[in-house]
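Q: Here you go, sequence then predicted model.
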Amino acid sequence: MTTTQSNPTMTRRNDRTAEAPDLAPLAFAGYAHFTAMQVRDGRIRGLDLHLARLRHGSLELFGRALPDERVRGWLRAALADAPADLSLTATVYLPSGEFTVAAPDEEPELLIRTAPPASGPRGPLSLAVVEHERFLPSVKHVGEPAKTYFLRRATDQGHDDVAFVDREGRLSEASIWNLAFWDGSAVVWPEAAMLDGVTMGIVRRRLDRLGIAQRIREVTPADLPELAGAAVLNSWTPGVAVRRIGAVPLPGAPEFLELLHRAYEAEPLISL
């Protein structure tokens, strides 16, 4: 893909470059939702899942959603003069902001931010365990200080990140990651209220096509010793090994990590 600029960092509001007056009202706004993705060669994996996430979040928070084709058009315009590889975050919000009632005809807007491409940490990671349940877990919304708070507390204690358990003691997700486990023959996804990640969705549907067994089951810290491996995944990467969750060490499972990456890479990159 030919590009006319090398700077991967830009911010756009809908179909144009964002100016300071556009951004000032959003500086402290927390009533919005977003999706994050890695763009490679100007294309995106799981585009249908990203659009579905934005649509779901808007309907949940605002009662209305931008048409998919409008979102695709604005994303396409943002990538037109961008480097071929980058990170992209698309945030949907209402101009009226938060702590107010929106007008019935107020239309959502899209803030598009790009940055250099990312691939995540190398791992293996040690995760602290904290009881925490996200508000509206099915929506990737902004304004979640608990995630950063618990992450920093975990690193202060010598861990790399944090995993959450719900009030029933079930592992759900990590700070900005989904959790995946390996029982030696199947990929195990935890059963609990959580955000269904786009990368997780890609991996799951590709594992189905590869004929790899998958199970959804409750996983508690007490269940970890019986498992053969664990990983975290998000928009950066389809899998980073986890070596410890809480006090429980987990075996390295390179075949499990290879399987997650192979499934993800089988998903085609889609042009906008």
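A: It's in. Numbering: from 1, shown residues only.
Q: Longest helix in the chain, by number of residues?
A: Counting by DSSP state H, the longest helix found in the chain is helix 47-62.
Q: Check which element follows that helix along the chain.
A: helix 68-79 (DSSP states H and E).
Q: angle of that next one against helix 47-62?
A: For helix 68-79 against helix 47-62, the angle by axes from the mean of the first three to the mean of the last three C-alpha atoms, to 10 degrees is 110 degrees.
Q: Could you name the helices and strands sitting against helix 68-79?
A: strand 10-13, helix 47-62, strand 86-93, strand 109-115 (3 or more C-beta pairs under 8 Å, 6 or more residues apart in numbering; DSSP states H and E). For glycine as for every other residue, the C-beta is placed from the backbone atoms N, C-alpha and C.
Q: The residue lying closest to L125 once chain neighbours are set aside: how many residues sit nearby?
A: In space, and not counting its chain neighbours, L125 is closest to D160: 4.2 Å by C-beta to C-beta, 6 or more residues apart in numbering. Close neighbours of D160, defined as other C-beta atoms under 10 Å, add up to 20.
Q: contacting residues for D160?
A: 121, 123, 125-127, 154 (C-beta atoms under 8 Å, 6 or more residues apart in numbering).
Q: Generate a PyMOL selection restricted to the buried subset of those residues.
A: This is the PyMOL syntax for the buried subset of the contacts of D160, where burial follows 16 or more other C-beta atoms under 10 Å:
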select buried, resi 123+125+126+127+154
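Q: any idea which of the contacts of D160 is closest to S185?
A: G123 (22.7 Å; C-beta to C-beta).
Q: Can you check my assumption that the closest one lies in a helix?
A: No: G123 is assigned coil when assessed by DSSP: H, G, I helix; E, B strand; the rest coil, not a helix.
Q: Isn't N178 up against G201?
A: No: at 9.5 Å, N178 does not count as touching G201 under the criterion of C-beta atoms under 8 Å.
Q: So for those two, which sits in the more crowded spot?
A: More crowded of N178 and G201, by other C-beta under 10 Å: N178, with 22 against 18.
Q: Across the sheet, point out what pairs with that one.
A: E173, L233 (DSSP bridges).
Q: One more: L127?
A: Those that pair with L127 in a beta bridge, by DSSP bridges, are D161, I245.
Q: quick one: contacts for it?
A: Taking C-beta under 8 Å, 6+ apart, one finds 154, 159-163, 174, 232, 242, 244-246 in contact with L127.
Q: Give me the pLDDT value at it.
A: With respect to pLDDT, L127 scores 98.
Q: now swap in D105 and tell me
A: pLDDT, D105: 89.
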